[in-house]
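**Student:** compute the structure for the input listed below.
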Amino acid sequence: MTTREVEHEITIAAPAAAVYRLLAEVANWPRIFPPTIYVDREDLGPGEERIHIWATANGEAKNWTSHRTLDEESLRITFRQEVSPAPVAEMNGTWIIEPQGAGSSRVRLLHAFKAIGDDPHDLLWIETAVDKNSTKELAGLKENVELAHAAEELTFSFTDTVRIEGAAKDAYDFIDQADKWDERLPHVARVRLAEDTPGLQELEMDTRAKDGSTHTTKSYRVTFPHHRIAYKQVTLPALMTLHTGIWTFEEDPTGTHTTASSQHTVTLRPENIEKILGADATVADARAYVQGALSTNSTATLNHAKDHAERQG
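**Tutor:** Here you go, the predicted model:
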């Protein structure tokens, strides 16, 4: 079976140790890498972990499981896909971070892969996907590290929570069944939900703002029945460069009530603040505006989920 090997690299104006830490902590990935939707991590012991990744490849949503070995001393992270998405038969690789002086690093990303049935067309498809994603990943990594200080001010998280006198499953079902939101939620004008792969959803909807205008958003969602739905918004309003979130449903031991939460992480787009909010608007104003808009919608959705769950009980 043919093994194809490819290498991509980029130079980053940041110390090698800082770059390594960002790559090692996979919770950062949806924020750093445009194709990454969500990552779940399982600790396998010192320097070993299993990660389940949901990401887009050539415009298609895929998911796979990888085993990673982390070597902080040599600034290397090796990975091997345990369960690969078709048409990939095998995929492995290495992140290598090389210091280039005190404040600069060379990052090399190596991949080796095989196609199911050794199909030349599939090999080319995989190589194209690897090339696109590696280019995006390295560019995202470079941008994120080099703008780390600015990102601290521009990136923020918040959570809205409601208590439900009902079962977690019923509240979860309301959020999971987003194809019914245009009938159930006043702020949703149109919705389209596709789930070609169980547990991986593509959600597109038109949302009404307070002023009556509508805006279209597209998200990918990863579902974990009946306690969590993680998502990444890929079509964004003008004030944001990033919006990820997690719906969580925690039932008390007696099963009589559930705590339902909507957590958001947002990165602002500073160049659009003045255009949208006016000449005197600050980053703090933009944070308040975005959080207000998102919180209004998520709290409304949680309250409708609460009503739905409590009716079921």
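**Student:** distance of residue 307 relative to residue 185?
**Tutor:** In this view, residue 307 and residue 185 are 11 Å apart by CB to CB, to the nearest Å. C-beta coordinates here come from the backbone N, C-alpha and C atoms, glycine included.
**Student:** between these two, tell me which one has more neighbours.
**Tutor:** The residue with the greater number of neighbours, taking residue 307 and residue 185 and applying other CB atoms under 10 Å, is residue 185; the counts read 20 against 15.
**Student:** that one against residue 303, yeah?
**Tutor:** No: taking CB atoms under 8 Å as the definition, residue 185 is not a contact partner of residue 303, at 10.1 Å.
**Student:** the most centrally placed residue in the chain and residue 109: what is the separation?
**Tutor:** Among the residues of the chain, residue 37 comes closest to the average C-alpha position under CA atoms, centre = their mean, at 3.1 Å. Taking CB to CB as the criterion, residue 37 is separated from residue 109 by 19 Å.
**Student:** quick one: buried residues of the helix or strand that contains the residue nearest to the centre of the chain?
**Tutor:** Taking DSSP states H and E as the criterion, the element that holds residue 37 is strand 36-45. Of all the residues in strand 36-45, those buried under the rule 16 or more other CB atoms under 10 Å are 36-40.
**Student:** with stretch 75-89 instead?
**Tutor:** Buried, per 16+ other CB under 10 Å, within stretch 75-89: 75-81, 84-85, 87-89.
**Student:** what comes into contact with it?
**Tutor:** With contacts defined as CB atoms under 8 Å, 6 or more residues apart in numbering, stretch 75-89 is touched by 1, 16-17, 20, 23-24, 50, 57, 62-71, 90-99, 113-117, 119, 122, 125-126.
**Student:** in this protein, which helix or strand is least confident?
**Tutor:** helix 148-154 (a mean of 66; mean pLDDT, DSSP states H and E).
**Student:** show me which of the contacts of stretch 75-89 are buried.
**Tutor:** By neighbour count, with 16+ other CB under 10 Å, those hold 16, 20, 23-24, 57, 62-64, 66-68, 70, 91-97, 113-115, 122, 125-126 as buried.
**Student:** out of those residues, which sit inside strands?
**Tutor:** Judged by DSSP state E, strands contain the following of these: 57, 62-64, 66-68, 70, 91-97, 113-115.
**Student:** residues in contact with residue 132?
**Tutor:** Residue 132 touches 57-58, counting by CB under 8 Å, 6+ apart.
**Student:** looking at this, it is in a helix?
**Tutor:** Yes: secondary structure of residue 132 (DSSP: H, G, I helix; E, B strand; the rest coil): part of a helix.
**Student:** show me which pair in the buried residues of stretch 75-89 is furthest apart.
**Tutor:** Using CB to CB, the buried residues of stretch 75-89 reach their maximum pairwise distance at 75 and 87, which is 32.3 Å.
**Student:** quick one on the thing from earlier: distance between the following helix or strand past the least confident helix or strand of the chain and the chain's centre?
**Tutor:** Scanning forward in sequence from helix 148-154 by DSSP H and E, the next helix or strand is strand 155-164. Counting by CA atoms, centre = their mean, to the nearest Å, strand 155-164 is centred 17 Å from the centre of its parent chain.
**Student:** off-centre distance for the strand holding residue 37?
**Tutor:** Taking CA atoms, centre = their mean, one finds strand 36-45 lying 12 Å from the centre of the chain it belongs to.
**Student:** let's see that strand as CSV, backbone CA atoms only.
**Tutor:** Presented in CSV, the C-alpha positions along strand 36-45 are these (Å, rounded to 0.1, in the frame of the first residue of the first chain):
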residue,chain,number,x,y,z
THR,A,36,-11.5,22.3,14.2
ILE,A,37,-15.0,22.2,15.6
TYR,A,38,-14.4,20.4,18.9
VAL,A,39,-11.8,18.2,20.7
ASP,A,40,-12.5,15.7,23.5
ARG,A,41,-9.5,14.5,25.5
GLU,A,42,-8.8,11.3,27.5
ASP,A,43,-5.6,11.0,29.6
LEU,A,44,-3.7,7.8,29.1
GLY,A,45,-0.9,8.4,31.5
